[in-house]
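Asker: everything below, folded, please.
(one chain, ligands or ions: 2)
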Amino acid sequence: MGNKKISWGIAPIGWRNDDIPEIGAENTISHLLSDIVVAGFVGTEVGGFFPEPKVLNKELQLRNLKIAGQWFSGFIIRDGVEEVSKAFLKHCEYLKEVNAAVAVVSEQTYSIQGTEKNVFKEKPFFTDEEWNLLCQGLNELGKIAEQYNLKLVYHHHMGTGIQTLAEVDRLMENTDPKHVHLLYDTGHIYVSDSDYMTLLNKHLNRIKHIHFKDVRQEVREQGEKEGKSFLQSFLAGMFTVPGDGCIDFTEVFKRLLETNYSGWIVIEAEQDPSVAHPLEYALKARKYINEELIPLENGSLIKG
Ligand SMILES: O=C1C[C@@H](O)[C@H](O)[C@@H](O)C1=O
Ligand SMILES: [Co+2]
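Answerer: Ligands and ions are numbered 1, 2, ... in the order given. Here you go, the predicted structure:
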């Protein structure tokens, strides 16, 4: 039997992308959710185009799908935690209604992820005072999430103040492990640091949510040479599904099994859906999981 402690999901980002809402706009919620079932995944994350909880729950129920969580852009440094808490409360209310497990938080103050800046060279850095504000603020948001039975998982991200391993280390050291957990995104840490195992090994006990994102090394190198932005990089095909890029997910998955990881692993591969057919890539991801990862559990080929 597949490992019951791990739920395999796939994010809407291959069909529609909140960072560039125009692309894939023809993909409806029914289309997305049905594709997810066809590809053999048990859930997804909420995208910006998702409907109100009642409508979403009906669509999920019809397909026996679950919601893992949803991204939240925080501006704790820019706006202060009081202001951010108001929006975060609403976010958590929505997530509770759709029975999600995690609230994915990323600090977007000074972020260049949606701009035309060179994502390989122009990321922001926080001052000591800003670090304090952020860490204290995240502790507060984490407590709010718990009131809704959710875990706050912090998403390190290219082009933001929390991008590198050193920055993740500092964030983990200065936030309360009771309230602030970590989302491990293989693609973001690899593009940033050319390494994905150190973060995993160092912060295993804080990791409560995972994004499996693979990287096409040649596209990454070309993007770096040309000084591409984050959006230009993913449109050029920097990211792909596990098994299609340079990350060895067997190494990652073995480590997760050894340490009894329990929770979601969500495939998250943003590409231009007019270039990379979303269902084709979802099926490719599932094939890789079934053939290369699940057998590492017990030699079983049954879907998890
Ligand atoms: O988890 C994510 C959510 C997206 O909005 C983001 O840009 C993407 O890169 C990601 O990892
Ligand atoms: Co991610």
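Asker: all strands for this protein, in order.
Answerer: 6-10, 43-46, 66-74, 102-107, 151-155, 181-185, 207-212, 214-215, 239-240, 263-267 (DSSP state E).
Asker: tell me how many other residues crowd Val266.
Answerer: Residues lying near Val266 (other Cβ atoms under 10 Å) number 26. The way it works is simple: take the backbone N, C-alpha and C, and place the C-beta from them, glycine included.
Asker: just name the shakiest helix or strand of this structure by mean pLDDT.
Answerer: Lowest by mean pLDDT, DSSP states H and E among the helices and strands of the chain is helix 295-298, with a mean of 92.
Asker: contacts for stretch 125-139, please.
Answerer: 74, 76-77, 80-81, 84, 105, 107, 109-110, 152, 154, 161, 170-171, 174-176, 179-180 (Cβ atoms under 8 Å, 6 or more residues apart in numbering).
Asker: kindly recompute the last result at 7 Å.
Answerer: Outside stretch 125-139, the residues that touch it by Cβ atoms under 7 Å, 6 or more residues apart in numbering are 76-77, 81, 84, 105, 107, 152, 154, 161, 170-171, 174-176, 179-180.
Asker: for stretch 38-57, same thing?
Answerer: 7-12, 16, 18, 21, 29, 36, 65-70, 94, 97-98, 266, 279, 282-283, 286, 303.
Asker: using CSV, write down the CA coordinates of stretch 136-143.
Answerer: What follows is stretch 136-143, C-alpha atoms only, in CSV (Å, rounded to 0.1, in the frame of the first residue of the first chain):
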residue,chain,number,x,y,z
GLN,A,136,7.5,38.6,15.7
GLY,A,137,4.7,39.1,13.2
LEU,A,138,4.9,35.6,11.9
ASN,A,139,4.6,34.3,15.5
GLU,A,140,1.4,36.3,15.8
LEU,A,141,0.0,35.0,12.4
GLY,A,142,0.9,31.5,13.4
LYS,A,143,-1.3,31.8,16.6
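Asker: list the buried residues of that stretch.
Answerer: 137-142 (16 or more other Cβ atoms under 10 Å).
Asker: and those as JSON lines, adding distance to Asp185?
Answerer: As requested, the buried residues of stretch 136-143 are exported to JSON lines (distance: Cβ to Cβ, whole Å):
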{"residue": "Gly137", "distance to Asp185": "21"}
{"residue": "Leu138", "distance to Asp185": "17"}
{"residue": "Asn139", "distance to Asp185": "22"}
{"residue": "Glu140", "distance to Asp185": "23"}
{"residue": "Leu141", "distance to Asp185": "19"}
{"residue": "Gly142", "distance to Asp185": "19"}
